[in-house]
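Colleague: Any chance you could fold what I've pasted below:
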Amino acid sequence: MHTTHRWLSILEGCLLVALGIHILNSARLLISGTAGIGMILQSFSDLSFGQLFFILNLPFYFLALRYMGWSFAFRTFCSISLLSLLTELMHRYLHIEVEPLFAAVLGGMLIGFGLIILFRHNASLGGLNILAMYLERRFAIHPGKTTMLGDVLIIVVALTLFEFQQVSFSFIAFAVMSSVVGRYHKPPEWAKTAEMKAASA
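Modeller: Residues are numbered from 1 along each chain as shown. As a prediction, the model looks like this:
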């Protein structure tokens, strides 16, 4: 029962992230984390976003195996493969037009909530997410801070390659995503049930 719940949640998380990425891509906005790097490289490559995203995450499997264990690494590999497939399918079969500002807010929210689902089921989408989870476990650094720092670095690189307006709207998407991850990564004290408080004591 728990196994079925975990994998259904991972599927749902990947669907939310894939939809958020597709919305941002449809508005020609950048994407956060490793996916953002993939979009930047897509401008210089004949490979699709899904292919680049999968390849870029290969080096991070070592970090996942070394510090997170085989189970986490396996779930992460499945999540990355699933997201790569879903983005390819949405690119081929789901065609939408959306204004940049709306795309930035909605896309950032969808990606943020998708990542929360994955984090809570001990999985990730590789790259910066693996690094964020590692830093949280090893040094108690909040993953929202790590994610935001990585996104700022991507913005700096993007400013040299893309139009300022495109990068500005992309930064809004990054900020929304980081805000969602930061607020919902763990429930606040006032929202915890008695069972949750007892478990964390």
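Colleague: and the gap between the nearest residue to residue 64 once chain neighbours are set aside and residue 140?
Modeller: Setting aside the residues directly before and after it, residue 64 is nearest to residue 73 in space (Cβ to Cβ, 6 or more residues apart in numbering), at 4.0 Å. To be clear about C-beta, it is placed using only N, CA and C from the backbone, and glycine gets the same treatment. According to Cβ to Cβ, to the nearest Å, residue 73 stands 22 Å off from residue 140.
Colleague: quick one, which of these two is more surrounded?
Modeller: Using other Cβ atoms under 10 Å as the criterion, residue 73 and residue 140 rank with residue 73 on top: 22 against 7.
Colleague: what sits against that one?
Modeller: By Cβ atoms under 8 Å, 6 or more residues apart in numbering, the contact list for residue 73 reads 61, 64, 65.
Colleague: which one of those has the most neighbours?
Modeller: Most surrounded of the contacts of residue 73: other Cβ under 10 Å gives residue 64, at 26 neighbours.
Colleague: list the buried ones in the helix or strand harbouring residue 73?
Modeller: When elements are assigned from DSSP states H and E, residue 73 belongs to helix 70-93. Of the residues in helix 70-93, 72-73, 75-77, 79-80, 82-84, 86-88, 90-91 count as buried by neighbour count, 16 or more other Cβ atoms under 10 Å.
Colleague: Following it in sequence, what is the next regular element?
Modeller: From helix 70-93, the next helix or strand downstream (DSSP H and E) is helix 100-120.
Colleague: since we're on residue 23, how many residues are nearby?
Modeller: 25.
Colleague: any idea how far residue 109 is from the nearest residue to residue 22 once chain neighbours are set aside?
Modeller: Spatial nearest neighbour of residue 22, chain neighbours left out: residue 90 (4.3 Å); criterion: Cβ to Cβ, 6+ apart. Here the distance between residue 90 and residue 109 works out to 17 Å (Cβ to Cβ).
Colleague: ok, now residue 25?
Modeller: Relative to residue 109, and taking Cβ to Cβ, residue 25 is found at 16 Å.
Colleague: what's the answer for residue 46, then?
Modeller: Applying Cβ to Cβ to residue 46 and residue 109 gives a distance of 32 Å.
Colleague: Between these two, point out the one with more neighbours.
Modeller: residue 109 (18 against 6).
Colleague: Now tell me what touches the helix or strand harbouring residue 182 from outside.
Modeller: Taking DSSP H and E as the criterion, residue 182 maps to helix 164-184. Outside of helix 164-184, the residues within contact range by Cβ under 8 Å, 6+ apart are 20, 24, 27-32, 36, 100-101, 103-105, 107-109, 111-113, 115-116, 119, 142-145, 147-148, 151-152, 154-155, 158-159.
Colleague: Would you list the buried entries among those?
Modeller: 20, 24, 27, 29-32, 36, 100, 103-105, 107-109, 111-113, 115-116, 119, 143-144, 147-148, 151, 154-155, 158.
Colleague: With secondary structure added, can I get the contacts of residue 73 in a markdown table?
Modeller: Shown next, in a markdown table, are the contacts of residue 73 (DSSP: H, G, I helix; E, B strand; the rest coil):
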| residue | secondary structure |
| --- | --- |
| 61 | helix |
| 64 | helix |
| 65 | helix |
